[in-house]
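Novice: sequence first, then the predicted structure:
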Amino acid sequence: MGIAFKTIYNWIHHGLLKIKLSDLPDKGIRRKRQSDGRRRVFAHGRSIEKRPKAVQLRQEFGHFEVDTMQSGKTRGDVLVTITERLSRQHIMRHVSGRNSQAVTPAIIRFFKGIKNAKSITVDHGREFAKYDDIEEQLGIPMYFAHPYSPEERGSNEVLNRYVRCFIPKERKIETISQKELDQINHWINARPMKTLNWQSPRKVFQKHAVFG
């Protein structure tokens, strides 16, 4: 009798097998034929249900939401978008593809510079399939939102919509310069916000972040 893939994933996740998901031939990704440009997803990972309830209160610095943005349904470069929940600081990083090989190093580079990051929440897009490598290198737990539940990464989703005011879906990410990204980041993070007692996200972020 065969063993279900999900069972094997769970055994690996709980340390019952001496391998990592990234050691598997497909990196643990649930592969489906996608001819319309939709994202591939995978089913394993630590559920957001296991994330400390205090994260939801936004009273502690260091809890981040991460996603990717691309141009419509076309393949190519993407933006990794990173939002800190307390400050609402929104950061974008330009990477060469919507896959774990491109996205994983970008996430690791960013978070190695933030010494008091405490958690990362993402969805089940294939670009986050190497989450075990990220956790191993950073020592930061990653949590996965439920499928079709963007509200569980609400800060990131809302701020990505702001980004779309500057970068519409039909525009290729490859055409965006670093100078333009910096200008968009500045506009988003320099706005005083009522929820921050009329401080800007940048000011609150710089007040709390420990840079390394």
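Specialist: Looks like it arrived, so ask away.

Novice: where does the protein have low pLDDT?
Specialist: 1-43, 73-74 (pLDDT under 70).

Novice: which residues touch the residue nearest the centre of it?
Specialist: Nearest to the geometric centre of the chain sits Val66, at 2.1 Å (CA atoms, centre = their mean). By CB atoms under 8 Å, 6 or more residues apart in numbering, Val66 lies in contact with Val80, Thr81, Ile82, Thr83, Ile107, Ile120, Thr121, Val122, Phe128, Asn156. All C-beta atoms are positioned from the backbone trio N, CA, C, and that covers glycine.

Novice: got a list of what the closest residue to Ile176 other than its chain neighbours touches?
Specialist: In space, and not counting its chain neighbours, Ile176 is closest to Ile167: 6.3 Å by CB to CB, 6 or more residues apart in numbering. Neighbouring residues of Ile167 by CB under 8 Å, 6+ apart: Met69, Leu79, Ile173, Ile176, Ile184.

Novice: among those, which are in helices?
Specialist: Cross-referencing the contacts of Ile167 against helices under DSSP state H gives Ile184.

Novice: pull out the buried residues from the contacts of Ile167.
Specialist: Among the contacts of Ile167, those scoring as buried are Met69, Leu79, Ile173, Ile176, Ile184 (criterion: 16 or more other CB atoms under 10 Å).

Novice: and Lys169, that's in a strand?
Specialist: No - secondary structure assignment (DSSP: H, G, I helix; E, B strand; the rest coil) places Lys169 in coil, not in a strand.

Novice: thought it was touching Arg161?
Specialist: No - using CB atoms under 8 Å, Lys169 is not in contact with Arg161, being 11.3 Å away.

Novice: now do the shared contacts for those two.
Specialist: Joint contacts of Lys169 and Arg161 (CB under 8 Å, 6+ apart) do not exist.

Novice: cheers, nothing more for now.
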